[in-house]
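[1] Everything below, folded, please.
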Amino acid sequence: MPDYDVSTPLDTDYYGVFSGIPAADRAVWERARTFTDEAVPQMNDYWDRAEYPLHLVKRMGDLGLLSDGLTVPGQEPMSPLAAGLVNMEVSRGDGSLGTVIAVQGGLAMRSIAYFGSQEQKDRWLGPLARGEEFGAFALTEPDHGSDSVSLETTAVRDGDEFVLNGEKKWIGNGSVGGVTVVWARDEQGNVRGFLVRQDTPGYEAETITGKASLRAIYQARIRLENVRIPVDSVLPGTRTFKDASAVLVATRLGVAWSALGHATAVYEAALNYAKQRTQFGKPLAKFQLVQERLSHMLAELTSMQLHCVHMAGLDAAGALRPAQASMAKYHNTRKARELASIARDMLGGNGILLENHVVRHLLDIESIHTYEGTESVQALLIGREVTGHSAFA
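    Next up is the predicted model:
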């Protein structure tokens, strides 16, 4: 048993930001809390062993937590606020599980929902939402991350098939036996999405090892060598890189919510620990320096909450601009990193123990700070909007 109980949720909401959320959204949040309560006791061991608990993906599907706000037949509708609360709550429990939602719902399902044929939607959206199938989104390449617009993977038409060749890297769910949305450039130079079953001949996926972040979800390096797929595997609505970008923009706000979940976890761990840990004859919570740190963390956490809830309102009204989503991610992932560092320090040596959860969040935040666009890319997107000038190379 751990020496300190630091994982008990405290439902921190200093400004009452969540006090007026609709009952339907709160019910979704409570389902996510049910899942988190079940999953958290398991995650340190999976993270430590670098193993992917696929049964928990299915459990999220059973609870209707994977759709990320998309409309899926047979699934309860989820507002942008409810989708954000799910991202927040699951990430409060564990970053790898939060990333499952980002990959499965935010990227793979959204690509199909936005650009797929009705037949493709009927085939894939339901099974992916229920966690019966696994979905991946293959855009990033070994030599093209932030400049993914320069992707080199090719798709050449050959009769009633396309032939795909190229490599992809950092592809969540890319090696677990599901379906991958592969973004490739056709003979006309158009960037299009293709649905590729992972058991297709020529599709080779190697799970990336040696990670110090998001250790409980598999990312893969993929090699596509003369992968032949039927013509009807192309997502018919995809024509340019802007289509792939539209998916990324839509999921960017989910990353801001995920960062909020991580920040909530480390703040509440620090507060719980300060109340339980005794040094120099009194609880840490009675020291002035500790109270100042907790106050700073709470102020930053509250700011993150305000960003997320306001952005969810804009999203629901159809008024969310892409650069605003960039701002939310830019702000929240930066703050989450800061709060995790403070919490790690406040727990002293106990802060590096997995049983106290903080170090797992600290390391997992490093990944969400990078994916869906690095801090530098978000800054350039915001800067382009506010100045009217593009600073991209």
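[2] so what's Leu260 up against?
    Met88, Ser91, Leu301, Met304, Gln305, Cys308, Asn332, Ala336 (CB atoms under 8 Å, 6 or more residues apart in numbering). Every residue, glycine included, has its C-beta placed from N, CA and C.
[3] and the helix or strand where the last one lies, what does it pack onto?
    Here Ala336 is covered by helix 322-346, with elements defined by DSSP states H and E. Using 3 or more CB pairs under 8 Å, 6 or more residues apart in numbering; DSSP states H and E as the contact definition, the elements that helix 322-346 packs against are helix 241-276, helix 288-316, helix 358-368, helix 375-387.
[4] That helix versus helix 358-368: what angle between them?
    Helix 322-346 runs at 160 degrees relative to helix 358-368, counting by axes from the mean of the first three to the mean of the last three CA atoms, to 10 degrees.
[5] Make 675 the starting number, not 1.
    Understood, numbering begins at 675; the last thing we discussed is helix 996-1020.
[6] chain center to helix 996-1020: distance?
    Remark: helix 996-1020 is offset 14 Å from the chain centroid, using CA atoms, centre = their mean, to the nearest Å.
[7] so how many other residues sit close to Ile903?
    20 (other CB atoms under 10 Å).
[8] how near is it to Glu835?
    Distance, Ile903 to Glu835, by CB to CB, to the nearest Å: 6 Å.
[9] can you pull the buried residues of the helix holding Ala1010?
    Neighbour counts over helix 996-1020 (16 or more other CB atoms under 10 Å) mark 996-1014, 1016-1018, 1020 as buried.
[10] ditto for stretch 864-880
    For stretch 864-880, by 16+ other CB under 10 Å, it's Val865, Arg866, Gly867, Phe868, Leu869, Val870, Gln872, Tyr877, Ala879.
[11] Spell out, range by range, the helices that occur in the stretch 725-874 of the chain.
    Along the stretch 725-874 of the chain, the segments classed as helices by DSSP state H, counting those that start in this stretch run 728-736, 754-767, 769-775, 784-789, 792-803.
[12] Can you lay out those helices as CSV showing mean neighbour count?
    What follows is these, written out as CSV (neighbours: other CB atoms under 10 Å):
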stretch, mean neighbour count
helix 728-736, 18
helix 754-767, 28
helix 769-775, 28
helix 784-789, 22
helix 792-803, 18
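[13] and of those helices, who's closest to Gly840?
    The closest of these to Gly840 is helix 784-789. By CB to CB, the value is 17.4 Å.
[14] Going by contacts, tell me the helices and strands next to the closest one.
    Secondary-structure packing of helix 784-789 (3+ CB pairs under 8 Å, 6+ apart): helix 792-803, strand 865-871, helix 915-950.
[15] So, low pLDDT: which residues of this structure?
    675 (pLDDT under 70).
[16] hmm, try it at 80
    Applying pLDDT under 80 to the chain flags residues 675-676, 1067.
[17] Quick check: the residue of it most remote from its centre vs Asp677, distance?
    Taking CA atoms, centre = their mean as the measure, the residue most remote from the mean C-alpha position of the chain is Gly955, 42.4 Å away. Distance, Gly955 to Asp677, by CB to CB: 18 Å.
[18] Give me the nearest residue to Glu826, chain neighbours excluded.
    The shortest distance from Glu826 to any non-neighbouring residue, by CB to CB, 6 or more residues apart in numbering, is to Gly840 (5.9 Å).
[19] ditto for Ala943
    Ala943's closest residue in space is Val680 (CB to CB, 6+ apart), at 4.1 Å.
[20] for Glu942, same thing?
    Excluding the flanking residues, the one nearest Glu942 by CB to CB, 6+ apart is Leu684, at 4.6 Å.
[21] do Tyr678 as well
    Gln950 is the one closest to Tyr678 (CB to CB, 6+ apart), at 5.1 Å.
[22] Contact partners for the one you found?
    If you count contacts by CB under 8 Å, 6+ apart, then Gln950 has Tyr678, Asp679, Val680, Pro957 around it.
[23] Specify the beta-bridge partners of the last one.
    So the one you mean is Pro957. When bridges are called by DSSP bridges, Pro957 pairs up with Thr952.
[24] rewinding a little: the residue nearest to Glu942 and Gln965: what is the separation?
    Leu684 is 16 Å from Gln965, by CB to CB.
[25] about what we covered before: which one of the contacts of Gln950 has the most neighbours?
    Val680 (26 neighbours).
[26] wouldn't that residue be in contact with Asn946 here?
    Yes: applying CB atoms under 8 Å, one finds Val680 in contact with Asn946, separated by 4.4 Å.
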